[in-house]
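J.: Build me a model from this:
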Amino acid sequence: MKNSSKEVFKIETKAKGPEGSLPLSENMLLNSPSGDLFGLSQNVGMGWEPGKLNGKQILLLSTQGGMRGENGEPIALGYHTGHWEVSLLMKEAAEEISHYGGIPFAAYVSDPCDGRSQGTTGMFDSFPYRNDAALVYRRLIRSLPTRKAVIGIGTCDKGLPAILIALASMHDLPTVAIPGGVTLPPERGEDAGKIQSIGARFAQEEITLQEAADLGCRACATPGGGCQFLGTAATAQVVGEAMGLSVPHSALAPSGQPIWKEMARQSAKAAMALEEKKITTKDILTNASIRNAMIVHAAFGGSTNLLLHIPAIAYAAGLDVPTVEDWNEVNKKVPRIVSVLPNGPEHHPTVRAFLAGGVPEAMLRLRPLNILDESVLTVTGETLKDVLDWWEQSERRIEMKKRLWEEDNIDGDDVIMTLERAAERGLTSTVTFPIGNIAPEGAVMKSTSIDPSRLDDNGIYHHRGAVKVFTTEKDAIKAIKNGDINKGDLMAVIGRGPLGTGMEETYQLTSALKHLSYGKYITLLTDARFSGVSTGACIGHVGPEGLAGGPIGKLRDGDILDVRIDTRNLEGHLHFVGTTNEELSFVEGSAVLNNRDPHPTMAPDPSLPDDTKLWAALQGVSGGTWRGSVYDTDRIIEVLKAGQKALEPNNI
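T.: Next up, the predicted model:
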């Protein structure tokens, strides 16, 4: 303080205040809440012109993180590229609202990065964050009582689902979701999914230290947007548009580019038009639009994490929550027609899916099957039928495909295919829901991610052998790096569901198995979840979770497992069938597991935060992961009341 300039001590204690007068009326003073009147004082206090205070107020919510200078240079870093540039979308939308006489408000709830928290205790907060953020977004919306519409802007794995859940909850307000787009792949190098396996590949001497350093430096080739693969971030963008909550051809736009900014302006116009037409969220989000989103999810081969998010969005909208049977039916009925990272067969980055036509192109390709409900409304105020009719003949469609060919020499029809071409290329539906005496409530796997060389002529993957059991992800990845996992092994990572870790995402395991030369010969089972980019014979969401008494939590080293996945009919089983000393039928195996104690070292992670323990308990009594890990308020209150009654002195 000794070297402080005396200028800092020149402190003023009063100011003149804004010039002008508030546009008040006698009726406002007599009948408006004091909060509405004080809000006008706040608005001019922040610099808004008093003469422009009568415009309709539109609330902008985003996941913005970090601080950027005027030229985009970092002043303070964000957690990830996905929220680094969304302030530019906020600015474009806000200026559009102002241009048409509205008053934009902006609020922010930033979000974490699943990639940054892989393999760390930060992952224990990842999935629970979604519910917390959605709760705060809802509180922010309600805390601006004068808003006429709400626009949510988000990009990545948890922030965008949180925004979609919050918007879905606003039944009587017009709402629009703006997807934050995607980052570009490097001209030379690896995508942001593969790069996350450099540690395992270096440990196995499959890359050098210098190669790891060089590749890691280039993976995020542009500073904004979600990762370049169809993981959770990209899939959430696709699903939001497929539900009708985003303007047509907005998902997967390249972050920071003119077409991306133009999408924000169009979204602002859409929000104002919805308000004018009195079209609200409940008019757009219906059981039919939720099913449309499930269909498009299947056609894209989207992330299995959306099996956790779409039910939560449906619940927030007051709609029927999709069941595992619904998911199974949709995936059996809908062909996959999109070829992108990580599914292939050609590993196109997501920007190519955008240029190939994105969501409207995929929906147009599905039209001959008559499985989409085209009568649903979209945020354009028009039906899906009108949107697809426009897209089919639009100049935009032609220009996008032309640009894809000029820039990358790629035919858009090889990225988003016709039904016939997809069948010729051997694309199969994405998600299989195997059950068995290890997973009586079911499990989830991205069956398209199994290496084709591991399938028989009928498209069946079969792996029978002794399992190696791990009760922490840390021990499992250590075993891979140390060479303790060999070709042909089965791995089980148990006790990592909601009660153990907040249902951590175990992408560092699945990424390592994908990109190690022998990884395709290994099968992984877990009650945790996977990143949307996960690949290989990896089976997650095993239910019930181990710490809730599920059979997976009773496995021991050396148990013989039988895993069979029919990738064409989307059926499969996960069975415990004995030990090296005794072979059992799956019925006998079930009886043995029922009588076993849980694995002796399986326990909630000692670093599990109290916040996550509370989340796990609340979502558990609300139906758990198969209902989207929501907070069912009525059910929670019912359980609390029953618990209080049971604890009363007379009942003890």
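
J.: who touches Leu252 in this structure?
T.: Neighbouring residues of Leu252 by Cβ atoms under 8 Å, 6 or more residues apart in numbering: Pro179, Gly181, Val182, Ala234, Gln237, Val238, Thr350, Val351, Ala353, Phe354, Gly358. To be clear about C-beta, it is placed using only N, CA and C from the backbone, and glycine gets the same treatment.

J.: how about 7 Å then?
T.: Neighbouring residues of Leu252 by Cβ atoms under 7 Å, 6 or more residues apart in numbering: Gly181, Val182, Ala234, Gln237, Thr350, Val351, Ala353, Phe354, Gly358.

J.: Helices - which of those land there?
T.: The helices, defined by DSSP state H, take in Ala234, Gln237, Thr350, Val351, Ala353, Phe354, Gly358 from those.

J.: how many neighbours does the second one have?
T.: Gln237 is surrounded by 33 other residues when neighbours are defined as other Cβ atoms under 10 Å.

J.: Could you do the last one as well?
T.: Neighbourhood size, Gly358 [other Cβ under 10 Å]: 27.

J.: What residue, apart from its backbone neighbours, is nearest it spatially?
T.: Of all residues not flanking Gly358 in the chain, His249 sits nearest, at 5.1 Å (Cβ to Cβ, 6 or more residues apart in numbering).

J.: Can you tell me how far Gly483 is from Asp489?
T.: Separation of Gly483 from Asp489 (Cβ to Cβ, to the nearest Å): 11 Å.

J.: Tell me which of these two has more neighbours.
T.: Counted by other Cβ under 10 Å, Gly483 and Asp489 do not tie: Asp489 has more neighbours, with 19 against 9.

J.: Distance check, the residue nearest to that one when sequence neighbours are not counted against Pro179.
T.: Distances taken as Cβ to Cβ, 6+ apart put Ile522 closest to Asp489, at 5.3 Å, once the chain neighbours are dropped. Distance, Ile522 to Pro179, by Cβ to Cβ: 35 Å.

J.: before we move on, what about Lys10?
T.: To Pro179, Lys10 is 47 Å away according to Cβ to Cβ.

J.: quick one: the helix or strand where Ser267 lies to chain centroid distance?
T.: Here Ser267, judged by DSSP states H and E, is contained in helix 258-277. When distances are taken as Cα atoms, centre = their mean, to the nearest Å, helix 258-277 is centred 23 Å away from the chain's centroid.

J.: Ok, stretch 271-287 next?
T.: Worked out by Cα atoms, centre = their mean, stretch 271-287 lies 24 Å from the chain centre.

J.: Between the two ends of it, how far is it?
T.: 22 Å (Cα to Cα, to the nearest Å).

J.: same deal with stretch 315-331?
T.: In stretch 315-331, first residue to last residue: 21 Å (Cα to Cα).

J.: about what we covered before: compare neighbour counts for Ile522 and Pro179 and give me the winner.
T.: Between Ile522 and Pro179, counted using other Cβ under 10 Å, Pro179 has the larger neighbour count: 35 against 23.

J.: My guess is that one contacts Ala242. True?
T.: No - the pair Pro179 / Ala242 is not scored as a contact, 11.4 Å apart, by Cβ atoms under 7 Å.

J.: Quickly list what's touching both of the two.
T.: Taking Cβ under 7 Å, 6+ apart as the contact rule, Pro179 and Ala242 have no neighbour in common.

J.: Show me what counts as buried in the helix holding Ser267.
T.: 259-261, 263-275 (16 or more other Cβ atoms under 10 Å).

J.: Number of residues surrounding Tyr631?
T.: 17.

J.: pLDDT wise, what is it at?
T.: Listed pLDDT for Tyr631 reads 98.

J.: Contact partners for it?
T.: By Cβ under 7 Å, 6+ apart, the contact set of Tyr631 is Asn131, Leu618, Gln619, Ser622.

J.: same check, this time on Leu490
T.: If you count contacts by Cβ under 7 Å, 6+ apart, Leu490 has them with His463, Gly465, Ala466, Val467, Lys468, Thr523, Leu561.

J.: Return the backbone torsion pair for it.
T.: Leu490 adopts backbone torsions of phi -110, psi 140, taken as degrees, to the nearest 10.

J.: Show the pLDDT at it.
T.: pLDDT recorded at Leu490 is 96.

J.: same check, this time on the one 5 residues further on
T.: For Gly495, the pLDDT comes out at 97.

J.: ok, and the closest non-adjacent residue to it?
T.: Met602 (3.8 Å).

J.: Now, the contacts of Tyr631 that are in helices?
T.: Asn131, Leu618, Gln619.

J.: Check the second one and give its pLDDT.
T.: Looking back up the chat, that one is Leu618. 97.

J.: Which strand or helix spans Asp191?
T.: Element membership of Asp191, judged by DSSP H and E, is empty: it is in no helix or strand.

J.: Can you name the residues that contact it?
T.: Pro185, Ala219, Gln228, Phe229, Leu341, Pro349.

J.: In strands, which of the residues you listed fall?
T.: Assigned to strands by DSSP state E, none of the contacts of Asp191 qualify.

J.: Looking at those, which is nearest Asp527?
T.: Nearest to Asp527 among the contacts of Asp191: Phe229, at 24.5 Å, using Cβ to Cβ.

J.: Tell me the pLDDT of the residue lying closest to the closest one once chain neighbours are set aside.
T.: Nearest residue to Phe229, sequence neighbours excluded (Cβ to Cβ, 6+ apart): Leu341, at 3.7 Å. You'll see Leu341 listed with a pLDDT of 89.

J.: How about Ser534?
T.: So, for Ser534, pLDDT stands at 59.

J.: next helix or strand past the least confident helix or strand in the chain by mean pLDDT?
T.: For the chain, using mean pLDDT, DSSP states H and E, the weakest element among its helices and strands is helix 507-515, scoring a mean of 78. Remark: after helix 507-515, the chain's next helix or strand is strand 523-526, criterion DSSP H and E.

J.: Contacts made by that next one with the rest, please.
T.: For strand 523-526, contacts defined as Cβ under 7 Å, 6+ apart pick out 438, 463, 490-494, 496, 506, 509-510, 513, 537-540, 542, 552, 563, 574.

J.: ok, that strand: who's next to it in the sheet?
T.: Using DSSP bridges, the strands paired with strand 523-526 are strand 490-493 (parallel), strand 537-543 (parallel).

J.: I'd like those laid out as a markdown table, including distance to Asn71.
T.: Output for the strands paired with strand 523-526, formatted as a markdown table (distance: least, Cβ to Cβ, whole Å):
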| stretch | distance to Asn71 |
| --- | --- |
| strand 490-493 | 45 |
| strand 537-543 | 43 |
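
J.: Please name whichever of those is nearest to Gly578.
T.: strand 490-493 (13.7 Å).

J.: Neighbour-wise, which one of the contacts of Asp191 leads?
T.: Result: Gln228 is most packed of the contacts of Asp191 (other Cβ under 10 Å), 31 neighbours.

J.: Which pLDDT value does the model give the residue lying closest to that one once chain neighbours are set aside?
T.: Excluding its sequence neighbours, the residue lying closest to Gln228 (Cβ to Cβ, 6+ apart) is Pro349, at 4.1 Å. We note a pLDDT of 94 for Pro349 in this prediction.

J.: Between the buried residues of helix 258-277, which sits nearest Glu211?
T.: Trp260 (32.2 Å).

J.: got the contact list for the closest one?
T.: Trp260 neighbours (Cβ under 7 Å, 6+ apart): Gly181, Ala253, Pro254.

J.: Could you pull up the residues touching the second one?
T.: In other words, Ala253. Ala253 makes contact with Gly181, Ile259, Trp260, Met263, Phe354, according to Cβ under 7 Å, 6+ apart.
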